[in-house]
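Q: Sequence first, then the predicted structure:
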Amino acid sequence: MAMDHVTTLECTICGKEYDPDQVIYTCSEHEGVKGILEVKYDYDVIHDNFDAELDGSIATQWKYEAFLPVHDDADPVTLNEGGTDLFDAPNLSDELGVTTLVKDDGRNPTGCFKDRASSIAVTKASNAGRDIITCASTGNAAASLSGYAARGGLDCRIFVPGDAPAGKLAQPLVYGADVLAVNGSYDEAYDLSVTVTDEYGWYNRNAAINPFQVEGKRTVGHELAEQSKVRGEVPDWVVFSMGDGCTIAGAWKGFREFYDLDYVEDTPKMLGVQAEGASAIHDAFHAHEDVDEIADTLADSIAVGRPRNTVKACRALEESDGTSVLVSDEDILEAEKLLGSTEGIYSEPAGAAPVAGVRKALEDGIVDPDETVVVNSTGFGLKDTESAKKATGDVERIDPELSEVRNLYGDAQGTVADD
């Protein structure tokens, strides 16, 4: 077997290199999980093996297999993830006051962006002969990994915080995973999953430390670059919510690769959006000293107090000449309803946060009304219906009488009935 296009794994802190064929998560020169590794490539090999005729036809993320860090004899474990639509959003654009497009990754097989990484994780684990795979998750990665583990015939054991949304926990149970709800925060569940990995030797999918997971996520950057080329215009801004920092880092890496290879003529600026109650990457990027390690936000998918990929996320913001903003939970709920009511896209809170971020960036003068933005909805709304109820209120309950409808909407001539 061969992986000739992958040259090394490089520590993002000290630059120490490791053999990419081994199962390794972080650099041994640093305590804990600080020594995050970066996958390095031989782009001449990739270019020789990639069909650079970018026509916008993207069946799955495996169109970009030449870029993915898997061995040439590996059988991809796939549920046809990726290839998600990039929608014009004229109604949302009118509401926000800026030309907006929506990349809807809630349409992935398990309903979230993380399927791009889970496909790589299970493919790598299976090819390495591992039969048990694990991760810590606030919900989406748990559901995603469990589905792909089922597809690949692997046992799956998941660690989640005790307050993870019930809808997100139902999915991995249906997929046959062992779901262990830890009495504590996501960060505590995460630490336990790392300890368990060391103890039992299970394959760990945690995107923040498994260097290959960001590489799956970067396919969204490839897709956006290709879709932009077909549209004839690279957006001024691409907007992601940020939790551990993996997603925005991967998206930037993918788009930048296509630019460096001359497949597209320009790159966008990246706008990272965090909740006010989980602002560690934003604080680090803006050199704030009062970083709070306790996450407190209803957007559970980005409720991360101690992000493990802060370095990569900040690098993406800096290299792209982008920035980050904070939004409140109230802003996020308003954005969830706005995205649904204007464009018919039902997103969970973390997936709607980029819409709130665009509004905030417009208010702060970061985004100009003459620019074009792409917001990335990373998760389907049915994963967190309780937050949706907070965003919209409850249903209107009436008796089965025509008069009840007339009281609400008036008679056939449009006159509202008196109480």
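A: Received, thanks.
Q: in the stretch 201-350 of the chain, which spans are strands?
A: Counting by DSSP state E, counting those that start in this stretch, the stretch 201-350 of the chain forms strands over residues 203-204, 237-241, 269-275, 323-327, given from the N-terminal end onward.
Q: and those strands, which one's lowest on average pLDDT?
A: For those, the stretch scoring lowest in mean pLDDT is strand 203-204; its value is a mean of 93.
Q: Take the strands of the stretch 201-350 of the chain and write them to TSV, including distance to L180.
A: Any C-beta I mention is one placed from the backbone N, CA and C, and that applies to glycine too. Supplementary listing: these in TSV, determined by distance: least, C-beta to C-beta, whole Å:
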stretch	distance to L180
strand 203-204	14
strand 237-241	26
strand 269-275	26
strand 323-327	32
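Q: Out of these, which gets nearest to P161?
A: Of all the strands of the stretch 201-350 of the chain, it is strand 269-275 that lies closest to P161, at 15.6 Å by C-beta to C-beta.
Q: Quick check: can you name the pairing partners of the closest one and their directions?
A: Within its sheet, and counting by DSSP bridges, strand 269-275 is paired with strand 237-241 (parallel), strand 323-327 (parallel).
Q: rewinding a little: of all the strands of the stretch 201-350 of the chain, which one is nearest A299?
A: Each of the strands of the stretch 201-350 of the chain was checked against A299 via C-beta to C-beta, and the shortest separation belongs to strand 269-275, namely 5.3 Å.
Q: picking up where we left off before, present the strands paired with strand 269-275 as CSV; the columns should include mean neighbour count and distance to D19.
A: Converted to CSV, the strands paired with strand 269-275 look like this (neighbours: other C-beta atoms under 10 Å; distance: least, C-beta to C-beta, whole Å):
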stretch, mean neighbour count, distance to D19
strand 237-241, 30, 31
strand 323-327, 23, 34
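Q: Indicate which one of those is closest to H288.
A: Nearest to H288 among these is strand 323-327; the distance by C-beta to C-beta comes to 10.6 Å.
Q: The residue nearest to G216 when sequence neighbours are not counted: what's it in contact with?
A: Spatial nearest neighbour of G216, excluding adjacent residues (C-beta to C-beta, 6 or more residues apart in numbering): I120 at 3.6 Å. For I120, the residues meeting the contact criterion (C-beta atoms under 8 Å, 6 or more residues apart in numbering) are L68, P69, V70, F212, Q213, E215, G216.
Q: between the strands of the stretch 201-350 of the chain, which one is nearest to R315?
A: Between R315 and these, the tightest spacing by C-beta to C-beta is seen for strand 269-275, at 10.2 Å.
Q: count of neighbours near T100?
A: 28 (other C-beta atoms under 10 Å).
Q: Where does pLDDT dip in the stretch 201-350 of the chain?
A: Counting by pLDDT under 70, the stretch 201-350 of the chain contains low-confidence ranges at 289-292.
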